[in-house]
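**Q** please work out how this folds:
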Amino acid sequence: MKSIYLGADHAGFALKEKIKNYLDKKGIAYQDLGNLVLDVTDDYPDFAQNVARQVVKTKSLGILVCGSAQGMCIAANKIKGIRAVVPFSLKEARLSREHTNANILCLSGWYFHFHKATKMLDIFLHTSFSTESRHLRRVNKISKMEQLR
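**A** From the prediction side, this is the model:
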């Protein structure tokens, strides 16, 4: 597995730090692209952009954490090649990889406790994209939509 890219604003900082410890214990390589310190004046789009650009460049996966997860998701999806998602169930985490080839998992620092976040993370990191023709066709349509921007 390639390196995972992490990013979080102040509202997701504590959960991101716990995720880093979890990944260390699992032996999963990651790069923390910030914020590296708790700064209540930081802005989530900065971290979403940094992580999204690295995910596209390296064809890897990313994990973003902010208060609701929604802002990170919206910002990351502005980068061509990103399919960021905010799943709220383990099934959604699995289907986001299998059916849409999601490449960034966005988590809520306000609503996700550590146990749920790590279960979603495990599923997201260890689920492959289905090569069924219907899923390939749909993801290709999404890629073509990016050309319309």
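**Q** CA atoms for contacts and neighbours, from now on please.
**A** Noted.
**Q** relative to Ala84, how far out is the residue lying farthest from the centre of the chain?
**A** Computed with Cα atoms, centre = their mean, the residue of the chain farthest from its C-alpha average is Ser133, at 24.6 Å. Distance, Ser133 to Ala84, by Cα to Cα, to the nearest Å: 21 Å.
**Q** over to Ala93?
**A** Applying Cα to Cα, the value for Ala93 to Ala84 is 11 Å.
**Q** looking at the two, which has the bigger crowd around it?
**A** Taking other Cα atoms under 10 Å, Ala93 and Ala84 do not tie; Ala84 has more neighbours (29 against 23).
**Q** how near is the more buried one to Lys2?
**A** Distance, Ala84 to Lys2, by Cα to Cα: 18 Å.
**Q** equivalent analysis for Ala93, please.
**A** Look at Ala93 and Lys2: by Cα to Cα, they are 19 Å apart.
**Q** can you check Thr118 too?
**A** 18 Å.
**Q** same deal with Glu98?
**A** Noted for Glu98: a distance of 18 Å to Lys2, by Cα to Cα.
**Q** those two - which one has more neighbours?
**A** Neighbour totals were compared for Glu98 and Lys2, and Glu98 leads with 18 against 11 (other Cα under 10 Å).
**Q** hang on, that one packs against Ser128?
**A** Yes: between Glu98 and Ser128 there is a contact under Cα atoms under 8 Å: 5.8 Å.
**Q** name the element Lys25 belongs to?
**A** Lys25 belongs to helix 13-26 when assigned by DSSP states H and E.
**Q** from the contact counts, what lies against the very next helix or strand once past that helix?
**A** Next along the chain after helix 13-26, taking DSSP H and E as the criterion, comes strand 30-32. With contacts taken as 3 or more Cα pairs under 8 Å, 6 or more residues apart in numbering; DSSP states H and E, strand 30-32 sits against strand 4-8.
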